[in-house]
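Chemist: predicted model and sequence follow; I will ask about them next.
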Amino acid sequence: MNRDELSLSINRWMKENGTEAIALASKLVQIESVNHPPTGHEAEYQRYFAEWMSAQNAEVDLYDLADVPGLREHTAYMNTRNYDNRPNVVGRFFGGGTGRSLMFSGHADTVYEGTETWTYPPFSGTVESGKLYGRGSYDMKGGMAAALMAVKCLQDLNIPIAGNVYVESVVDEEHGGANGTLAGRLRGPNPDMAIIPEPSNMRVYPAHLGGGIWKATFTGKSGIAFAGEELISALEATIEFANLLRAYNDYRKENLEVPSWWHDRKAEVTLLTIFSGDVTRELQEKLPETGELNFWIEGYPGMTGEGIIADLWAFYNSQLANYPLLQKCKPQIRPLIRYLSASEMKNDDNTARFLELTTNSGTKVLGRPPEPPTGSPFACDGFMFNLYSDTPALVLGPSGGNAHAADEFLDIASYEALIQWYAEIIIDWCGVLGNEEV
């Protein structure tokens, strides 16, 4: 069977097995795997993932993070999480011993369902009008289901893939995690190339942003000025700092050098939450003594959390004359999560070959060239590959919407196209035994 015939077979298989593919993605969504730092509920999902791969004749490794030598001592380990009953799992498929190896690696955990109203229950996996709804459907169980179904497609078609193909599901990526991904790199395997099926909307991301969340706290002087004493509203100081952060966002956009992967995409500063005073009481009878503001700042490859905050403090001091309350009520700033480093794939011939191959295979499936490779507009755990292993990681995943929000959904058409795209990549990268035409 020549290469074009293989592509036709993959396309026919997808048309005949769409119902099964949708059922798998729906099932993964129905298994609640919410991350509640410092713990998480990934265990049932991970065991199902392992059982599914075992049923497909994979060599499966289901392991506890505590069993990974050197994990807690590693410089990239974040020592604020509990990993009891939160296993990682990886399966090995194919592997004739002569081809290049490839891994699909994604996270099992999701953010929680929130307090907003959902059209369909968040763990229902409901399919309606070309969309599959549910927490994690888009971020990122749809992408992981696509990796599993791509493997099954090639198995059903009896295509003897020459290289090893791994599918890895890790715990604790959300909320600044990535220890699960680090554990996978320390335990192995570390193949020739990796794909992270984060929801890229079918775009090819050889690089990803970084970022961190910090908390600024303010302590003012509370009360009512009956005797004319000077009071300091922590609420107003918090608001002033929010305005300073907005000014800092504008300043960075004017002054930061943007790496070539991002072209005109500027790293953002985002306000997340503000609290002040006694939030349990509807009526306040005095100026609030306390204020808190959580904020997110993005970074490019090579930037660190410490460097970003040092730059923020330099800007703060340069602008202090414009913020009189901040002169009296200076914030205390501390990180709420690890800084998620930005990273990019190695700039070498191997990466160039893989990106060309990915683009060509995407063109076959989509019927048009995919968008040119660019940097992602989000942070992820890809840095654990790119910075702490010899395996470069490409981000490529499905389309959808409402990530981390109510009515999160996976676009089913993109999901089915992604299954075919992954299958094509596996053939082209890992090779086929005994078929020189491929």
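Modeler: Noted; the coordinates are in hand.

Chemist: now what about the lengthiest helix in the chain, what contacts it?
Modeler: As assigned by DSSP state H, the longest helix anywhere in the chain is helix 234-255. Contact partners of helix 234-255, identified using CB atoms under 8 Å, 6 or more residues apart in numbering, comprise 216, 218-220, 222, 266-269, 271, 274, 276-277, 287-293, 295, 312, 315-316, 319, 323-326, 328-329, 331. Heads up, the C-betas are built off the backbone N, CA and C, glycines and all.

Chemist: select only the buried ones of those in ChimeraX?
Modeler: Entered in ChimeraX, the line below selects the buried ones among those, by 16 or more other CB atoms under 10 Å:
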select :216,218,220,222,266,267,269,274,276,277,287,288,289,290,291,292,293,295,312,315,316,323,325,326,329,331
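
Chemist: residues near Gln327, how many?
Modeler: Counted with other CB atoms under 10 Å, residues neighbouring Gln327 total 12.

Chemist: what's the answer for the one 3 residues further on, then?
Modeler: Neighbour count of Lys330, defined by other CB under 10 Å: 14.

Chemist: what's near enough to touch it?
Modeler: Counting by CB under 8 Å, 6+ apart, Lys330 has no contacts.

Chemist: distance of it from Val365?
Modeler: According to CB to CB, to the nearest Å, Lys330 stands 55 Å off from Val365.

Chemist: also Glu44?
Modeler: Separation of Glu44 from Val365 (CB to CB) stands at 33 Å.

Chemist: wouldn't Ile337 be in contact with His175 here?
Modeler: Yes. Using CB atoms under 8 Å, Ile337 is in contact with His175, at 6.1 Å.

Chemist: just to revisit the earlier point, mind listing what's buried in the longest helix of the chain?
Modeler: Applying a neighbour-count criterion of 16+ other CB under 10 Å, one finds 234-242, 244-245, 247-249, 251-252 buried in helix 234-255.

Chemist: and for stretch 362-369?
Modeler: Using 16+ other CB under 10 Å as the test for burial, stretch 362-369 gives 362, 364-365.

Chemist: now swap in stretch 101-113 and tell me
Modeler: Quick answer for stretch 101-113 (16+ other CB under 10 Å): 101-111, 113.

Chemist: can you give the distance of it from its chain's centre?
Modeler: Put simply, stretch 101-113 sits 8 Å off its chain's centre (CA atoms, centre = their mean, to the nearest Å).

Chemist: need the CA coordinates for that stretch. CSV is fine.
Modeler: Extracted C-alpha coordinates of stretch 101-113, given in CSV (Å, rounded to 0.1, in the frame of the first residue of the first chain):
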residue,chain,number,x,y,z
SER,A,101,9.7,7.6,18.3
LEU,A,102,6.9,10.0,19.1
MET,A,103,4.9,10.8,22.3
PHE,A,104,1.5,12.4,22.8
SER,A,105,1.6,13.9,26.3
GLY,A,106,-1.3,15.7,28.0
HIS,A,107,-2.8,16.4,31.4
ALA,A,108,-5.6,14.5,33.0
ASP,A,109,-6.7,17.2,35.4
THR,A,110,-9.2,20.0,34.7
VAL,A,111,-10.1,23.2,36.5
TYR,A,112,-13.3,23.0,38.5
GLU,A,113,-16.7,23.4,37.0
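
Chemist: report the helix or strand with the lowest average pLDDT across this protein.
Modeler: When the helices and strands of the chain are scored by mean pLDDT, DSSP states H and E, helix 324-328 comes last with a mean of 93.

Chemist: okay, now the domains of this structure?
Modeler: Domains of the chain are assigned by automatic domain parsing as 3-206+345-430, 210-335.

Chemist: most tightly surrounded among those?
Modeler: Stretch with highest mean neighbour count among the domains of the chain: domain 3-206+345-430 (a mean of 20; mean count of other CB atoms under 10 Å).

Chemist: per-residue confidence averaged over that one?
Modeler: Mean pLDDT, domain 3-206+345-430: 97.

Chemist: quick one: terminal-to-terminal distance for that domain?
Modeler: 14 Å (CA to CA, to the nearest Å).

Chemist: ok now it, how far from the chain's centre?
Modeler: 10 Å.

Chemist: which among the buried residues of helix 234-255 gets closest to Ser399?
Modeler: The nearest member of the buried residues of helix 234-255 to Ser399, counting by CB to CB, is Asn249 at 28.0 Å.

Chemist: for that closest one, give its distance to Cys329.
Modeler: Applying CB to CB to Asn249 and Cys329 gives a distance of 21 Å.

Chemist: so who does Met384 touch?
Modeler: 76, 178, 181-182, 184-185.

Chemist: so which of the residues you listed are in helices?
Modeler: Short answer: the contacts of Met384 in helices (DSSP H) are 181-182, 184-185.

Chemist: in CSV, list those along with distance to Leu410.
Modeler: Output for the ones in helices among the contacts of Met384, formatted as CSV (distance: CB to CB, whole Å):
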residue, distance to Leu410
Thr181, 22
Leu182, 27
Gly184, 24
Arg185, 28
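
Chemist: in the protein, which residue is most central in space?
Modeler: Among the residues of the chain, Cys380 comes closest to the average C-alpha position under CA atoms, centre = their mean, at 3.7 Å.

Chemist: surely it touches Glu173?
Modeler: Yes. Cys380 is within contact range of Glu173, at 7.3 Å (criterion: CB under 8 Å).

Chemist: now do the contacts for Gly431.
Modeler: 98-100, 161-163, 438.

Chemist: and of these, the nearest to Met53?
Modeler: Nearest to Met53, judged by CB to CB, of the contacts of Gly431 is Ile161 at 15.2 Å.
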